[in-house]
Structure formats: structure tokens, C-alpha cells
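In: Got a predicted model here, sequence first, then my questions.
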Amino acid sequence: MKNTFGDNLSVTIFGESHGKSVGAVIDGLCAGIDVNLENINKMLSLRRPQDAVSTARRENDEFTVHSGVFNDKTCGTPICITIENSDTRSKDYSKTYGIARPSHADFTAFSKYNGCEDYRGGGHFSGRITAALCAVGGILIPALNKKGIYIGTHIKKIGSALDRDFDCIKDDINKLSNKYFAVLDDAAEEKMRAEIINAKNDGDSIGGMLETVVYGLSAGIGEPFFDSLESKISHAVFSVPAVKGIEFGLGFGFCDKRGSEVNDAFYIENGEIKTKTNNSGGINGGISNSMPILFKTAIRPTPTISKEQQTVDFLKGENAVLKANGRHDPCIVHRARAVLDAVTAIAVTDALITKFGTDWLGEK
């Protein structure tokens, strides 16, 4: 079971939903990068459930940096971070082991690991593990900011409720950076929250869409074909539970258009090469073209719901009916936003180190 992402920068995640802790090991970062524990805590807080639109499980996310950081700077050695699990109720799951929760990994995990998997709360397949990714983001995102590269994600859609598009991108990223419910149009939040509460009151869940931007990335980052910038970002994004789709720029909107309608015309302004539109999402040939990297991510409704669902008991080999107990999110979109920022930072940092070398991120 491989749990490591990246080539020159590698991130390994570990832990289970109801185990003692979850965590990550970061390898490949040079010495001298500033590490502020408050930045890690901020990223964790943006992911943490806080109110009625989230799960009732309340983790404090107390974390420990075990290695790789000294005097608030990276040492150039592997960084190990653990985050404690304290609010677990494993008995909620022991009663129903063997009954496959629809659209969860219960049956597939059992099939792959021959019944040796930790099934409590989804074990290693749980969204709880994404807390470790957010902790990594708490180191990488500030480091990228110092290089003039900024990452932001907003909730584009929940149900029928929509947020506006990115406009003044750097200002929008700054606005989002301190918002738990990350919308650009404040009026959209009330509508989105109502969609979530309505689903929750029906014993159901609801999905949505996130939109992410990477601003300030120079041209020439990425590789052709298998290590294209789209490939690396998509690989990282699809590691996030509940992600079921991604599109860059116009994405599937290209399908019914002609080239003359959607080609991004180049022009020069103040000595800089830009494009008049950004339908390609800032990437040509798998390589950044200096325009903002833009992509949208589809987040499925949380599979655990209170309604009865048809399923199977894969231990007994018979059909079954499941009405889920325990604690679950009626919507995961607003919490997944911080995770998208983090995995995007991991993928982009790996691509940048490939281009400029290991020491680049620590250079003044």
C-alpha cells in the first residue's frame, strides 16, 4: 500500500481515523525554510468541523512536529508531524462490520487487505487523514507566498447555490485565506448553508464544486505528457476522498466549441507575455504559461446518510439494509477547500523543485 506522493518533494501520510494519530512525513525540503506553527494550526482550523453544516466529531487537532525543524526553520532532514485523534467512538462501527456502506471503501478495502484493514470510521480511507495534508500545507503555502506564488480555493457551488468567479485574483485569495466558509460573494454563503441544512434535515447529504487558482507561477513549470502540470495536480487532487472530477480552464466546455472561439490569444503588456483569455487554465503542453492556473473540482455528497440504503453483508454473503449511525458530514465541500489548497501546494512545490532545484524554496 503506497502512501507517498511526489518526486523531488515527497509527502508520506499515515494513520487511521480511529487510531492514536494521523500524520505526514515531508522529505526533500531544503534547510532554511521558515516554519511557523501558527500557520499549521490555521490550516487545520480551516478544515476542522465547526458548526451545524459539519460532522459532530470534534477533534482539537493537537499536533507535534517531531523532526526536521529547529529554531523555527527546516533543517533539510525529513519533517515528521503527527496529529492526535481524541474524539473517536469506535463502537459505532463495530456493530455493522461486514455491511458495506454504499459508496464507501468498506468492501474494496476488505477485498484488497483480506479483512486485515482497520474498518473503524473508514480506517486509512477516512477523510480524517487529510488533516495531515493540511499540516503540510501549513509549511508549504507560506513558503510559496514568499516566492510570490499564491493559492486559493473557493466554494463555487453547493446544490443550486453559486458563488461568483475569481476577479481580482490576489485580493480574492487574500479574502479567502481567513474564511472558514470560503465564498467570494458573502450573499452566496447563506444560500449554500441552507442547501446543506435542508439535506441534513432530510437525513441526506449534498455535494458541490470547488474552484482553485494558483497565482504568480512563472512560465515553464511542468513537464510534457506523464508529468504534465495537469497530471501532477490531478494526481494530488484525486487523493482527496470525495473528489470525483477535475477540469482545467474551460474543461468540458471545450467539447462543443470551435478553436476560433476558445483559443487564448497571446499579447505583450509591459514586457510580459499574457493571454487575452484563460480558457486553457494557465497551462499549455503540460507546462505553465504564466497565466493563473485555474481548475474546478467536483466533490460528491458524503456517502454516509441517515436514510435506509440497500447493500450487502459481505461476510455473510447476503443482501442487507443499512441505516447509518455515528457522526457524519451532511456536506464535505467547505472542509475540503483547505485540503485542496494543501495538495495543490504539494504538487506545485514538487514541480518547482524539479525546475529550479532543491535549494530554490529556501533562497532569499
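Out: Received it, and whenever you're ready, just let me know what you need. This structure is a prediction, so every number in the text was calculated from the model and none was measured.
In: Adjacent strands (with direction) for the particular helix or strand that has G23 in it?
Out: According to DSSP states H and E, G23 maps onto strand 21-27. In the sheet, strand 21-27 lines up against strand 10-15 (antiparallel), strand 79-84 (antiparallel) (DSSP bridges).
In: and it, what's its mean pLDDT?
Out: The average pLDDT for strand 21-27 rounds to 97.
In: returning to that earlier point: who wins for proximity to E211 among the strands paired with strand 21-27?
Out: strand 10-15 (23.4 Å; CB to CB). Heads up, the C-betas are built off the backbone N, CA and C, glycines and all.
In: what's next to that closest one, contact-wise?
Out: For strand 10-15, contacts defined as CB atoms under 8 Å, 6 or more residues apart in numbering pick out 3-5, 21-28, 82-83, 85, 124, 128-129, 132-133, 136, 346.
In: What's the PyMOL line that selects buried ones from those residues?
Out: Selection of the buried residues among the contacts of strand 10-15 in PyMOL, burial being defined by 16 or more other CB atoms under 10 Å:
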select buried, resi 5+21+22+23+24+25+26+27+28+82+83+85+124+128+129+132+133+136+346
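In: Poorly predicted segments of this structure, please.
Out: 1, 56-58, 87-93, 325-327 (pLDDT under 70).
In: now the strands for the stretch 151-300 of the chain?
Out: 161-162, 208-215, 243-248, 266-269, 272-275, 283-284, 287-288, 293-299 (DSSP state E, counting those that start in this stretch).
In: Of the ones you listed, which is nearest K175?
Out: Of the strands of the stretch 151-300 of the chain, nearest to K175 by CB to CB is strand 208-215, at 12.3 Å.
In: packing partners for the longest helix out of those in the chain?
Out: Longest among the helix segments of the chain by residue count, using DSSP state H, is helix 333-356. Counting contacts by 3 or more CB pairs under 8 Å, 6 or more residues apart in numbering; DSSP states H and E, helix 333-356 packs against strand 4-5, helix 37-47, helix 130-146, strand 150-158, strand 208-215, helix 229-237, strand 293-299.
In: which parts of the longest one are buried?
Out: What that stands for is helix 130-146. 130-145.
In: what's the answer for stretch 306-317, then?
Out: Within stretch 306-317, judged by 16+ other CB under 10 Å, the buried ones are 309, 311-312, 314.
In: So what's the gap between that stretch and the chain middle?
Out: 29 Å (CA atoms, centre = their mean, to the nearest Å).
In: again, but for stretch 178-191
Out: 18 Å.
In: and it, C-alpha only, in PDB?
Out: Extracted C-alpha coordinates of stretch 178-191, given in PDB (Å, rounded to 0.1, in the frame of the first residue of the first chain):
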ATOM      1  CA  ASN A 178      -9.200  33.700   6.700                       C
ATOM      2  CA  LYS A 179     -12.700  32.500   5.800                       C
ATOM      3  CA  TYR A 180     -13.900  29.100   7.200                       C
ATOM      4  CA  PHE A 181     -16.800  29.100   4.700                       C
ATOM      5  CA  ALA A 182     -14.800  30.100   1.700                       C
ATOM      6  CA  VAL A 183     -17.000  32.100  -0.700                       C
ATOM      7  CA  LEU A 184     -16.200  35.300  -2.600                       C
ATOM      8  CA  ASP A 185     -19.700  36.600  -2.600                       C
ATOM      9  CA  ASP A 186     -20.900  36.800   1.000                       C
ATOM     10  CA  ALA A 187     -24.500  36.500  -0.100                       C
ATOM     11  CA  ALA A 188     -23.800  33.000  -1.500                       C
ATOM     12  CA  GLU A 189     -22.900  31.600   1.900                       C
ATOM     13  CA  GLU A 190     -26.500  31.900   3.300                       C
ATOM     14  CA  LYS A 191     -27.900  30.100   0.200                       C
END
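In: Quick one: residues in contact with that stretch.
Out: Contacts for stretch 178-191 (CB under 8 Å, 6+ apart): 45-46, 50, 53, 153-155, 161-167, 172, 175-176, 192-193, 334, 337.
In: thinking again about what came up before, quick one, which of the strands paired with strand 21-27 gets closest to G357.
Out: So among those, strand 10-15 is nearest, using CB to CB, at 15.8 Å.
In: tell me the angle that closest one makes with helix 130-146.
Out: On the basis of axes from the mean of the first three to the mean of the last three CA atoms, to 10 degrees, strand 10-15 is oriented at 150 degrees to helix 130-146.
In: bridging residues for the nearest residue in space to F238 that is not next to it in sequence?
Out: Distances taken as CB to CB, 6 or more residues apart in numbering put I246 closest to F238, at 7.2 Å, once the chain neighbours are dropped. Per DSSP bridges, the residues bridged to I246 are T297.
In: quick one, what contacts I246?
Out: Going by CB under 8 Å, 6+ apart, I246 touches 233-234, 237-238, 295-298.
In: which of these count as buried?
Out: Buried among these (16+ other CB under 10 Å): 233-234, 237, 295-298.
In: possible to save those residues as a markdown table with distance to G362?
Out: Shown next, in a markdown table, are these (distance: CB to CB, whole Å):
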| residue | distance to G362 |
| --- | --- |
| I233 | 23 |
| S234 | 28 |
| V237 | 26 |
| F295 | 28 |
| K296 | 33 |
| T297 | 30 |
| A298 | 36 |
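In: Kindly indicate which of these lies nearest A199.
Out: Nearest member of the buried ones among the contacts of I246 to A199, counting by CB to CB, is A298, at 16.7 Å.
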